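**Student:** Quick one, fold the following:
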Amino acid sequence: MRRHLSPTTVQPSSANLTAVTGFHLPRLTLGRKLLLITLAFSILWLGFFALSHLSQTHTRAFTTQINEAGKLRMFSQRVAYIIAACHTDPSASGNLAVCSTDPLTSTIAGYNESLKAVENIPSMLFLKDDQQALQKAIRSIRSEWERYSSTARIVADSEGPARADARTYMETRAEPLLEQTRALVRQLVDSQLRAQAWRDRAQNALQGISILLLAGIAVLGYRHGVRPLRDLVELTRRAGEGDFRGQSHYVARDEIGELVNAFNNTNVRTEHLIADLQAEALAARRAEETSESLFEAAADGIVISDLGGRILKVNREAEQIFAYPRETLLSSNVDDLLPDRLRSRHRHYVKDYSSHPGPRSMGRGSVVLGRRGDGSEVPLEISLSPVRIGDDERVIAVIRDISERLKTESDRQRLLTILDMTPDVTAIFTMNGELVYLNPAGRHLLGISDQAPLTSHEFENLLTPHARKVLRSGAIPSALSTGLWHGEMNLRDRSGTEIPVSQLLIAHPGKKGELQFFSTIARDISERKEHEAELLRRATHDSLTGLANRVLFKDRLKQAMRHADREGNLTAVMFIDLDNFKLVNDTMGHSAGDALLCEIARRLDAQLRSSDTKARLSGDEFACILENLKTPDDAARIIHGLAEALHRPISLPGRQHIITTSIGVSLYPTNGNDAETLLMHADSAMYQAKASGKNCYHFYNREMNLKANQRLDLELDLRQALELNQLKLYYQPIVNARNLALVGCEVLLRWDHPDRGLVSPAQFIPIAEETGLIVPIGEWVLKQACLQAQAWRSAGCDLTFISVNISANQLRGRSLVDLVRTALDDSGLDPGVLELELTEGSLLPNPLVARDVLDEIREMGVRLVADDFGTGYSSLSYLKIFRFDKIKIDLQFVRDMLDDAGDAAIAKATIAMAHAFQAKVVAEGVETQEQVDELIACGCDQLQGYLFARPEPADPFQQRLRKRIGSEH
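**Tutor:** Prediction:
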């Protein structure tokens, strides 16, 4: 038995093997194994039954055939007898009974019938060779009989020589015909015996298979049932004795295999748990040893005493501080470690501490003097901490000899006096950046009062972000390697003003070569920097507009290209030319032209982002760099807005002037890999814009230009869609989950463009959101929906509710309240019929304002619906704050809930949460009956989806309402 048990790791289960090999086999449970055995025995039984039925059928057919073959022999003998008795001597035949009529004809007919019976009885139940032999014998008899019977008729009907010849022939062929008939009988009997022998062998083979199957079942039952169970019994006995190392090697995919696998896993986990417990015990012992080692190796003296001051334990450093042997200290009181003149005061302190124990520090601001074994006094710093060990109170005193520190402090004070007098900023900070010292000049420069503590300040907080990078990446490493660093940085005072300084950084090594702190000396160089900045600005900026000049523009463009390579973004170069600028100079003077150029520069700076570079290249030519673009559409949007801003009227002396611009755009890296090429391509695109009639812009890449223009064309068409009555409302039914009756609908917007056809909402709704067109469009949708719903109700088409989607832009301010009130008043619709659908994204930007607006709308009687629930944060507070009347489960969870357990769980949880908040639940995107059944089982209230109807115009939806009413009546 033990040969099956091993302390090795658990063998992989069949499930694991399937996961590794990727080959999936059906799981052979005990029930399936029993089913296979039953099927095997059923097949064997069917074999026995088939052989038995075959034997019975063959026996019946053989009996009939052998009887008919016997009749053939009898009829052949009778024909021979009649010929011999009646036709040899006609004079004597009259005295015989057989010659009284014509028995020969009836005998021949009987032979024919028996021969046909023998021929018609199937021989397929015989072996193949016997079938062929029998058919050959029967054909031979048939051939012989045809000649014999024809001759017999000649004898019976003819006279003269022909009759004599026929009788002679019959006499000679009678015996062979009889012998053929006998041979047929023998052949039938032999064939039957051989067929029966074959069936007997088949039955014996089936019996052998049955015996082998029983033996196999017995062996498998022992190997896969008895033996693994015995192994489990042995392993259980050993586990009861504390040995969990045993493992069973039995691997199967049935319940016994699962039991063995679970038992092996339990043994492994138990063994690991025991090992973990042993490791924890060992770690506890090591921790105790470590604690004792740390106690002895502590750099400070440690004295543990009771509340009365009796010393219980000391470490090695305490022995050295007080110069007493440990035995002496352990037999003493803490009073003995103080000078005589301080003991009385100390006893009062001990009494007070005993009544109010707690962490306290002694020696902060004043020195606690201790008495050494030689009678000398030592300055100490003492920290007290009470601890409870069981029922006993103990006091742990951490004692530090501060003799050296007091001496160092005295030296430091002298040094600080010198540093306080220097006019430069002088600071000392630790490796962690904590300020230790900042002289008055530095405090004055940075706006820190002389009395303000430095504990809340770090040296890096005094630097600008760029200066911090210089400090970390250059200054500190250089000071660490060479001892000092000299360079320039920018400090920042409390108001945020940057102060440029020339700075010296010195690294001060501590004990054993470790660096403990840095000192720095910084001198204010603001005036010098301002002078240098002015010189640089004159060299890199346009003197009239203050924008970058061509030199700075090219440098910024190279930087933007490198940044685009790192981030994987696009960079756009705009070349802007003022249309007909020369006319302004010629008619209004150069001063007016200069004023126009300055206004254009101001608008460029106001319209574009602060990170974008704006430059005046020459005359009336401007250029801009747009960075961090994801797609060409991003550039098109910015350029379109800039063109509108530049097109607004400009006030010039004596008149209002409208200037138009031609703009060319090139993209990096699409249209070039260097600054000159990009600028050249943008210039070319600008000329294309001028050639197109001016007052427009062109992308250098024709395909991109076409795409950007298509988007802008779509925006322009959308602006006219309301006026041209191109927007349509469609309605999608919502049904009651219990009886699938139509109870309401959701209003959906469609755009029927005369040239583009039916434009997808996915194309134009984002444009409407970005441009703000969604506000007037949403107003129109709400009013039309209310009018249509009231029209249906007035026509007798009862509609419980109509649901309208609300955009985030409509929730900005309080205009939505007035819009809803106006739509209800103008249409006369009952507020309880109207539902407003809102997504979580439309509420999150300003939830407090949204809540006030929605509360006011709710007070009118309008119901609120949470749309696309589950796709955002969907927090419980979101449901609690806005108190929705209905929640819509997003279609992505409904679509996959039958196949994805996660989506099913989300749908069920959403329904449960909604009902907990007294809200109804609508499931979107229902397309199959299986989804309907599952949602009803989960408690869903209403359903919406293509299974019931697609969105349709008002008239078909009204017909659907009328059919519903008709079916109810």
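**Student:** so how far is Asp129 from Ile121?
**Tutor:** Ile121 sits 18 Å away from Asp129, going by CB to CB, to the nearest Å. All C-beta spots, glycine's among them, are computed from the backbone N, C-alpha and C.
**Student:** Those two: which is more packed in?
**Tutor:** Using other CB atoms under 10 Å, the more surrounded residue of Ile121 and Asp129 is Ile121, with 20 against 10.
**Student:** ok, that one touching Ala61?
**Tutor:** Yes. If you go by CB atoms under 8 Å, Ile121 and Ala61 touch, sitting 5.6 Å apart.
**Student:** Please work out how many residues are found near the residue lying closest to Cys786 once chain neighbours are set aside.
**Tutor:** Once flanking residues are discounted, Cys786 sits nearest to Ser827: 3.8 Å by CB to CB, 6 or more residues apart in numbering. Neighbour count for Ser827, taken as other CB under 10 Å: 21.
**Student:** pLDDT score assigned to Ser827?
**Tutor:** What the model reports for Ser827 is a pLDDT of 93.
**Student:** Over to Leu445?
**Tutor:** Note on Leu445: pLDDT of 71.
**Student:** Quickly list the domain ranges of this structure.
**Tutor:** 46-213, 298-401, 408-429+444-517, 541-719, 722-968 (automatic domain parsing).
**Student:** Contacts only, for the residue lying closest to Thr464 once chain neighbours are set aside.
**Tutor:** Spatially, and ignoring its direct neighbours in sequence, Thr464 is nearest to Asn490 (4.4 Å; CB to CB, 6+ apart). Asn490 makes contacts with 463-464, 466-467, 498-501, as judged by CB atoms under 8 Å, 6 or more residues apart in numbering.
**Student:** Torsion angles phi and psi at Asn490?
**Tutor:** The phi and psi values for Asn490, taken as degrees, to the nearest 10, are phi -120, psi 120.
**Student:** The chain should start at 408 in everything you say after this.
**Tutor:** Taking 408 as the first residue, the last one we looked at is Asn897.
**Student:** Quickly list what it is bridged to.
**Tutor:** For Asn897, the beta-bridge partners under DSSP bridges are Pro907.
**Student:** Show me where the stretch 408-557 of the chain has its strands.
**Tutor:** Ranges of strands in the stretch 408-557 of the chain, per DSSP state E, counting those that start in this stretch, are 412-413.
**Student:** what stretches of it score poorly on pLDDT?
**Tutor:** Residues of the stretch 408-557 of the chain meeting the criterion pLDDT under 70: 408-434, 493-509, 530.
**Student:** So among the contacts of Asn897, which ones count as buried?
**Tutor:** Buried subset of the contacts of Asn897 (neighbour count, 16 or more other CB atoms under 10 Å): 870-871, 874, 905-908.
**Student:** and which of the residues you listed is nearest Ala1215?
**Tutor:** Nearest to Ala1215 out of those is Thr871 (CB to CB; 38.2 Å).
**Student:** Quick check, the closest one in contact with Glu895.
**Tutor:** No. The pair Thr871 / Glu895 is not scored as a contact, 11.7 Å apart, by CB under 8 Å.
**Student:** By mean pLDDT, which helix or strand of the protein comes out lowest?
**Tutor:** Across the helices and strands of the chain, the lowest-confidence element by mean pLDDT, DSSP states H and E is helix 421-428, at a mean of 45.
**Student:** what comes into contact with whichever strand or helix holds Leu1194?
**Tutor:** Assigned by DSSP states H and E, Leu1194 belongs to helix 1181-1201. For helix 1181-1201, the surrounding residues in contact (CB under 8 Å, 6+ apart) are 1129, 1134, 1136, 1154, 1156, 1172, 1175, 1206, 1209, 1211-1214, 1216-1217, 1222, 1226-1227, 1229-1231, 1233-1237, 1240-1241, 1361, 1365, 1368.
**Student:** ok so, going back, and Leu442, which of the domains of the chain is closest to it?
**Tutor:** With CB to CB, the closest approach to Leu442 among the domains of the chain belongs to domain 453-620: 14.6 Å.
**Student:** just how off-centre is that closest one within its chain?
**Tutor:** 85 Å (CA atoms, centre = their mean, to the nearest Å).
**Student:** neighbours of Leu443, just the number please.
**Tutor:** Around Leu443 there are 11 residues (other CB under 10 Å).
**Student:** about what we covered before: which one of the domains of the chain lies closest to Glu695?
**Tutor:** Of all these, domain 705-808 comes closest under CB to CB, at 14.0 Å.
**Student:** The closest one: end-to-end distance?
**Tutor:** Separation of the first and last residues of domain 705-808 by CA to CA, to the nearest Å is 13 Å.
**Student:** what's the offset of it from the middle of its chain?
**Tutor:** 63 Å.
**Student:** And for stretch 816-825?
**Tutor:** With CA atoms, centre = their mean, you get 64 Å for stretch 816-825.
**Student:** Check stretch 1075-1088 too.
**Tutor:** Distance, stretch centre to chain centre, for stretch 1075-1088: 40 Å (CA atoms, centre = their mean).
**Student:** Output it as PDB, nothing but the C-alphas.
**Tutor:** C-alpha atoms of stretch 1075-1088 as PDB (Å, rounded to 0.1, in the frame of the first residue of the first chain):
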ATOM      1  CA  TYR A1075       5.300  67.800 -38.200                       C
ATOM      2  CA  PRO A1076       6.400  65.100 -38.900                       C
ATOM      3  CA  THR A1077       3.900  64.600 -41.800                       C
ATOM      4  CA  ASN A1078       5.000  67.500 -44.000                       C
ATOM      5  CA  GLY A1079       8.700  67.800 -43.200                       C
ATOM      6  CA  ASN A1080      11.500  66.900 -40.800                       C
ATOM      7  CA  ASP A1081      13.200  70.300 -40.400                       C
ATOM      8  CA  ALA A1082      12.200  73.800 -39.500                       C
ATOM      9  CA  GLU A1083      12.900  75.300 -42.900                       C
ATOM     10  CA  THR A1084      10.900  72.700 -44.800                       C
ATOM     11  CA  LEU A1085       7.900  73.100 -42.400                       C
ATOM     12  CA  LEU A1086       7.900  76.800 -42.700                       C
ATOM     13  CA  MET A1087       8.300  76.600 -46.500                       C
ATOM     14  CA  HIS A1088       5.300  74.200 -46.700                       C
END
